[in-house]
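Student: the following comprises the amino acid sequence and a computationally predicted model.
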Amino acid sequence: MPNLTNITARHAHFVEQFKNGQVKNFMPFLNRVATRMRAELLKTDTVRSKARIESKLAFVDALINSEFKAYTDELQGQLILFAEEEAEFTAASLTKVGKLAEATIPSTSQLKAAINARPFANRLLKDYLNDFSKDQAKAVKNAVSMGFFEGKSTKDIINDVVGSKSLGYKNGILNVSRTSAERMVRTSIAHTASVAKSYTLEDNIDITPYYEWSSILDGRTSPICQANDGNVYPVGKGPLAPHHYNCRSVEVPLFDDDVKIKKGRPVKVDTTGSEQNYNTWLKKQSTKFQDEVLGTEKAKLYRKGGLSVDKFVNNTGQTLTLGQLKTKYPTAWDKANN
């Protein structure tokens, strides 16, 4: 019989793929901002009167707010569709394990209201998305304004904002916008997924009265999510992901017979006899799935080289390249490739 923990963990991987796709959707908006801003700033002549500078700053403000708001509007539409799919998936999962003939699914209007009403990271979703455009416009305007008043050349101001080609444009203020957008997208999707699931569980609370907090323990998990991993809460009364920006934790539905009360607190009934984390879970998955999650070469290091998944990142959470892994773990590399 399918296991809800396993189903949830596998689905979380595909949610991460959806996040990646939505992050890529931001790039055309960012590229338009960079192209139009470069063209506008190149029009700047040697006469830099207060009126001309204010005109440039007004252009920057209008451009970024227009493009980035268009993106966040598009994202909000995608989030509603995603919420519907998440609610349907949660209901289908409850049905699949044989506990319900047909689980109840919240309406679109209920989901939309819940997504916008429940705060995360001490903010409401609509405020988070609205503030994104304003914050990025302010940062770019400050850079342009500072450049003008410091007497920098137009080329230097453009480099400050857009970045230089030799450095892959990663040294410009707009790269901060890209990073901020990625954080915004991933966190908003995590919030939407969590609310859609929680609301579906509340609609079926007579059957699924509890949920387990499940964190991905792969070396990049935050201390707070490490601490919450495995905790059991009554539906509607416990914390919901995201706990922080870029949070990847999820909630796993639990049925009455999955939970026992120990010292006045709900705890999950252990049917395996051993603690499970992401690493031990991945070992039980198919070779194909391991290859999809890790990539073919890293999957070989995982299976044949004996490296656990936390070895694929460094202490700051950055993913190591194959070259870095070969240098750092030569014995595992030899085992995997022989």
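Tutor: The structure has been received and is ready for your questions.
Student: which residue ranges of this protein form helices?
Tutor: With DSSP state H as the definition, the chain shows helices at residue ranges 4-24, 27-42, 50-96, 108-117, 125-149, 154-162, 173-203, 223-228, 278-283, 287-294, 296-303, 322-328, 330-336.
Student: do you know which of those lies nearest D310?
Tutor: Comparing the helices of the chain against D310 with Cβ to Cβ, the closest turns out to be helix 278-283 (7.0 Å). C-betas here are computed from N, CA, C, even on glycine.
Student: who wins for proximity to H244 among the helices of the chain?
Tutor: Checked against Cβ to Cβ, the stretch from those lying closest is helix 223-228, at 6.9 Å.
Student: what number of residues lie near the nearest residue to T108 once chain neighbours are set aside?
Tutor: Leaving aside its chain neighbours, T108 sits nearest to E84 (5.9 Å; criterion: Cβ to Cβ, 6 or more residues apart in numbering). E84 sits with 17 neighbouring residues when counted by other Cβ atoms under 10 Å.
Student: just A241 next, same as before
Tutor: A total of 24 residues lie near A241 under the criterion other Cβ under 10 Å.
Student: and for L174?
Tutor: A count of nearby residues for L174, using other Cβ under 10 Å, gives 23.
Student: for S109, same thing?
Tutor: Other residues lying near S109 total 9 when counted by other Cβ under 10 Å.
Student: ok, S214 next?
Tutor: The burial count for S214: 25, using other Cβ under 10 Å.
Student: and if you look at A92?
Tutor: 13.
Student: next up, the contacts around it.
Tutor: Counting by Cβ atoms under 8 Å, 6 or more residues apart in numbering, A92 touches A103.
Student: rerun at 10 Å
Tutor: Shown in contact with A92 (Cβ atoms under 10 Å, 6 or more residues apart in numbering): I7, E102, A103, I105.
Student: tell me the confidence at the spatially most central residue of the chain?
Tutor: Among the residues of the chain, R186 comes closest to the average C-alpha position under Cα atoms, centre = their mean, at 2.4 Å. Note on R186: pLDDT of 94.
Student: quick one: low-confidence parts of the stretch 51-200 of the chain?
Tutor: Per-residue confidence for the stretch 51-200 of the chain (pLDDT under 70) gives these ranges: 98-101.
Student: equivalent analysis for the stretch 201-338 of the chain, please.
Tutor: For the stretch 201-338 of the chain, the stretches flagged by pLDDT under 70 are 217-219, 223, 226, 270-279, 313, 315-319.
Student: repeat the analysis, applying 50 as the threshold.
Tutor: Low-confidence regions of the stretch 201-338 of the chain, defined by pLDDT under 50, span residues 273.
Student: sorry, back to before: deepest-packed of the helices of the chain, please.
Tutor: For the helices of the chain, the largest average neighbour count (mean count of other Cβ atoms under 10 Å) is found in helix 173-203, namely a mean of 22.
Student: who does it touch, helix- and strand-wise?
Tutor: Packed against helix 173-203, as judged by 3 or more Cβ pairs under 10 Å, 6 or more residues apart in numbering; DSSP states H and E, are the following elements: helix 4-24, helix 27-42, helix 50-96, helix 108-117, helix 125-149, helix 154-162, strand 210-214, strand 250-254.
Student: ok, which of those comes nearest N337?
Tutor: Ranking the helices and strands packed on helix 173-203 by their distance to N337 (criterion: Cβ to Cβ) puts helix 4-24 first, at 25.7 Å.
Student: what angle do the closest one and helix 173-203 make?
Tutor: For helix 4-24 against helix 173-203, the angle by axes from the mean of the first three to the mean of the last three Cα atoms, to 10 degrees is 150 degrees.
Student: need phi/psi at G230.
Tutor: Dihedral angles phi and psi of G230 (degrees, to the nearest 10) take the values phi 90, psi -10.
Student: show me this structure divided up by domain.
Tutor: Residue ranges for the structural domains of the chain, counted by automatic domain parsing, are given in the record as 4-225, 285-336.
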